[in-house]
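Undergrad: Structure for this input, please:
(chains A and B)
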Number of protein chains: 2
Amino acid sequence: MSTQIMDKVDKTTFLYEKIIDDIRNRIANGNLRPGEKLPSVRKLSRDWDVSVSTVLQSYIALETIGLIEAKPQSGYYIRYKSGRVLPEPETPNIQSAIKNYGCNELVTNLCELSTIPGLISLGAGIPGSDVLPTKTLNNLLSRIARSCSKGINYEFPPGNSKLRHELAKRTIEWGGDISQEDIIITNGATEALSLSLQAVAKAGDTILTESPTYYGVLQLIENFGMHALEIPTHPKDGIDIDAFKKAIKNHKVAACILYPSINNPLGSIMPDDNKRKVYEILSGKDIPLIEGDVYGELYFGQTRPKPIKSLDKKGLVLYSSSFKTIAPGYRVGWVCPGRYFDKVKKLKYMSSLANASFPQMAMAEFLRTGGYERCIRNLRKKFISNISIVSSLICEYFPDGTKISKPQGGHYLWIELPENVNSIKLQRLALKENISIAPGPLFSTKDDFLNYIRLSCACSWSSVIDKVIKTLGELCKKAH
Amino acid sequence: MSTQIMDKVDKTTFLYEKIIDDIRNRIANGNLRPGEKLPSVRKLSRDWDVSVSTVLQSYIALETIGLIEAKPQSGYYIRYKSGRVLPEPETPNIQSAIKNYGCNELVTNLCELSTIPGLISLGAGIPGSDVLPTKTLNNLLSRIARSCSKGINYEFPPGNSKLRHELAKRTIEWGGDISQEDIIITNGATEALSLSLQAVAKAGDTILTESPTYYGVLQLIENFGMHALEIPTHPKDGIDIDAFKKAIKNHKVAACILYPSINNPLGSIMPDDNKRKVYEILSGKDIPLIEGDVYGELYFGQTRPKPIKSLDKKGLVLYSSSFKTIAPGYRVGWVCPGRYFDKVKKLKYMSSLANASFPQMAMAEFLRTGGYERCIRNLRKKFISNISIVSSLICEYFPDGTKISKPQGGHYLWIELPENVNSIKLQRLALKENISIAPGPLFSTKDDFLNYIRLSCACSWSSVIDKVIKTLGELCKKAH
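TA: Numbers count the residues shown, from 1 in each chain, chains lettered A, B, ... in the order given. Reported below is the predicted structural model:
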């Protein structure tokens, strides 16, 4: 019923959501604790200057998702969770033999599944329309398309200069000594990664990666006939420094691909000290580092994590990022390839010639006018809240022996299930219930993560999420 | 002076250009012949219902570009050209040894030069803003961006279904037995080519190509560590069938890349009979054919040339095309990869994940509403006229021994200069005069085309083109 009302009145919807968000955030931040009483509906209606019925609807929605409960004759209370605290997942500490990746079909399926209407997508990392700056950004694009005739023609590499200017400006925040001349616009972070890898390595080469890591990395390495050397990476502080050192010493590594500031799927951030160590080791051997930073701006802490690129005096780091979390369909990514600039630019010409012009122009304007900054700030809050809700539901519903990451940014949860759970079977069972998840084997060439899953919390499913996580928890018992 | 007036009054500009276009077309089609008298300024002013001064300006413009001349006390006449008729260029008939391509820097420069304001770009094949459907298409995109929120999110491979539907419908025209399920949207024809090549061949393989051929083909072959085997290709009827047969017999060819319907730079169309022979030979040996058809719709004859894909019963042909001639900055291309569909789709996921969503939506609508059909029809006329003008100026101003192609479509002229002219030197000299051209060596790994150039006639330079071609003709004498 409440959704029908929401469709009708925009302003009411806004306030309704504001109340939900506010209470969610307070729960997530620990400002509201289990057992605490919420303000009465009447008081909140006065305080927020909204109708009693709007407040009531918000409370009902919060109740539906299991965050609060009504006590008869008394009011609304923050719900006591089961009280279970789950530990963080382990990463098997065995360094991998070099092995091929066999999960290509699973990856394609993951993306394709996400487009099925009605499916609850916890699989692919695709933001829900509720978290995207849809109206603002699309209107910006619309305005530019109407007024700037230039966009129908090519925007040759390195790409739109206004956009590169804005991007370079933003790197000041993390001490990036980067000018617009150092940047090449790409068709999303995926193309940035593909071009970077082609620029620094060739078939037969060994590429050091995190384990677990983003499946796109493993696919590309295999596609180019290279080999992944996976290094154990931990949910808290990223890649294992000792294992990393050993690997560089014992193998002829052509390049590294790391996501040091918010790994996907772990949500880990490497401590600055470790970043420095990694850079020193690589720099000493002149090994290029492909540094992905797509989630770098989605940190949950006080300050933005510093990319390893900020330490790079030799142009050894090919740093890349994108706008995938705010406008995936715009396909705007970028790379600062350091000393490999000319090579990457040449590869961009050959692989796709240029990027669509209008999306670049719109993103430049979105950055310049501060729209992006506002959007990313909201997104951080939203993801903190989503992750906190899904985490607490997992604590409540998942079987004994489950371990769960405490991400420091992004929108993924990495979950270690009891050893006898087969995540590929779990994925299959979940699909029958209209739920998609990402099974652990996607994130490694090894067989270590068969009882792991990644859940994306990039959408808000409000009323259904309680039921969804409960269902998943129950399916764990059958997925053997 | 006339340009100042043009800026002021839009309607006048329109009529002014209409008159010029009309007379150009009549000259191009042979409806107006050298020596014939044009209608008097007063008569045309009455017939077209425009002011005498507008007609006069049109006549002056046509006189400036050397198409007509004023005879005192008599009126305007179609100008007698020098009467020289130049033969078509030769293609050296020696089959190439397999050699690497060394022109990468030249290619990048060609594109980058085209963006310099004020430069007369006869080099890169980039349409001028005067020939593009800028307003119609950009307004369409603008409208869609404002009304359809979906476009901010991913449009995963194979890409926008409405666009694929429209594209499939269009292939009926040439007997393509293609449904929307056979099509994958790519980031322009460049990505289509790159993905196709990766799908059918690997490092070390030999790829048969036309000679001369589009430089992007040679770059990609080199980039993937493959080898180009170039087969002589003629300005009139395309690839030499006997040389082709021999090559397939004598070499282990992994794949072919051909542009059978309007080769770039030649403008040639293979006779249907030759197309059939090529398909039979390849089909007999199960060798995949990558068929580029970017200029296929820009035919100058009565009927659309049939792609080899129309003969393909085995799914051996990876057919691709794009909208590069009408909206290069939209980056919408496509490929029908036949039996390699899954492989190409997987590669698309890995290389760039998805295409920008809004440009796909806009192109779908442009096709559906008939805007594309109107646009491409105008473009054909425009290019016929441009090519005819530039050709006749070359006949007038270029040195003895020059040979020139008679393209059957597209917007390129392929010119063989006297043997002692070095086209790379000519390019350098021309740049000093603010003119860019494409030197012959770009189009081959061989050294056969040092005294050849390609000129793009995709823009209309009206009043300056006479001077530009005259200058180029004079520079030929210095470029030794």
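Undergrad: burial measure for A:I404, as a count.
TA: 22 (other C-beta atoms under 10 Å in any protein chain shown). Heads up, the C-betas are built off the backbone N, CA and C, glycines and all.
Undergrad: swap that for A:S74, please
TA: There are 9 residues near A:S74, going by other C-beta under 10 Å.
Undergrad: and the closest residue to it other than its chain neighbours, how many neighbours does it have?
TA: Distances taken as C-beta to C-beta, 6 or more residues apart in numbering or on different chains put A:K37 closest to A:S74, at 7.8 Å, once the chain neighbours are dropped. A count of neighbours around A:K37, defined by other C-beta under 10 Å, yields 13.
Undergrad: ok, A:K37 to chain B distance?
TA: A:K37 is 39 Å from chain B, where distance means C-beta to the nearest C-beta, to the nearest Å.
Undergrad: same deal with A:P407?
TA: Applying C-beta to the nearest C-beta, the value for A:P407 to chain B is 22 Å.
Undergrad: now that residue, what's its secondary structure?
TA: The assignment at A:P407 comes out as coil when based on DSSP: H, G, I helix; E, B strand; the rest coil.
Undergrad: And the longest strand that chain A contains, what does it pack against?
TA: When chain A is parsed with DSSP state E, its longest strand is strand A:227-234. For strand A:227-234, the packing partners by 3 or more C-beta pairs under 8 Å, 6 or more residues apart in numbering or on different chains; DSSP states H and E come out as strand A:206-211, helix A:215-223, strand A:238-239, helix A:241-250.
Undergrad: isn't the residue nearest to A:S74 right up against A:A70?
TA: No. Counting by C-beta atoms under 8 Å, A:K37 stays clear of A:A70, with 11.2 Å between them.
Undergrad: Can you give the domain ranges for chain A?
TA: The record's domain parsing of chain A by automatic domain parsing lists A:2-78, A:104-130+A:375-476, A:134-372.
Undergrad: Pick the most buried one from those domains.
TA: Among the domains of chain A, domain A:134-372 has the highest mean neighbour count (mean count of other C-beta atoms under 10 Å in any protein chain shown), at a mean of 22.
Undergrad: end to end, how far does that domain reach?
TA: 12 Å (C-alpha to C-alpha, to the nearest Å).
Undergrad: Overlap in contacts, A:K37 and A:A70.
TA: A:Y76, A:Y77 (C-beta atoms under 8 Å, 6 or more residues apart in numbering or on different chains).
Undergrad: Return the distance of stretch A:431-440 from the chain's centre.
TA: 18 Å (C-alpha atoms, centre = their mean, to the nearest Å).
Undergrad: contacting residues for A:P305?
TA: Counted by C-beta under 8 Å, 6+ apart, A:P305 has contacts A:W174, A:P260, A:S261, A:I262, A:I269, A:G296, A:Y299, A:Q408, A:G409.
Undergrad: among the helices and strands packed on strand A:227-234, which is nearest chain B?
TA: Minimum separation from chain B across the helices and strands packed on strand A:227-234 (C-beta to the nearest C-beta) falls at helix A:215-223, 5.1 Å.
Undergrad: now the angle from that closest one to strand A:206-211?
TA: Angle, helix A:215-223 to strand A:206-211, by axes from the mean of the first three to the mean of the last three C-alpha atoms, to 10 degrees: 160 degrees.
Undergrad: Can you spell out which helices and strands pack onto helix A:215-223?
TA: With contacts taken as 3+ C-beta pairs under 8 Å, 6+ apart, helix A:215-223 sits against helix A:104-113, helix A:188-200, strand A:206-211, strand A:227-234, helix B:341-352.
Undergrad: quick one on the thing from earlier: and the longest strand of chain A, what's its mean pLDDT?
TA: Across strand A:227-234, pLDDT averages out at 95.
Undergrad: And for stretch A:465-480?
TA: If you average the pLDDT over stretch A:465-480, you get 93.
Undergrad: Same question for stretch A:49-69.
TA: The average pLDDT for stretch A:49-69 rounds to 82.
Undergrad: for the helix ranked longest in chain A, the distance to its chain's centre please.
TA: Taking DSSP state H as the criterion, chain A has its longest helix at helix A:371-397. Centroid separation for helix A:371-397 versus its chain: 11 Å, with C-alpha atoms, centre = their mean.
Undergrad: Next SSE downstream of that helix?
TA: strand A:403-404 (DSSP states H and E).
Undergrad: And that next one, what does it pack against?
TA: helix A:371-397, strand A:412-416.
Undergrad: what's the least confident stretch among these?
TA: Note on the helices and strands packed on strand A:403-404: helix A:371-397 shows the lowest mean pLDDT, a mean of 89.
Undergrad: any idea of the angle that helix forms with strand A:412-416?
TA: 20 degrees.
Undergrad: confidence score at A:G118?
TA: Reported pLDDT for A:G118: 83.
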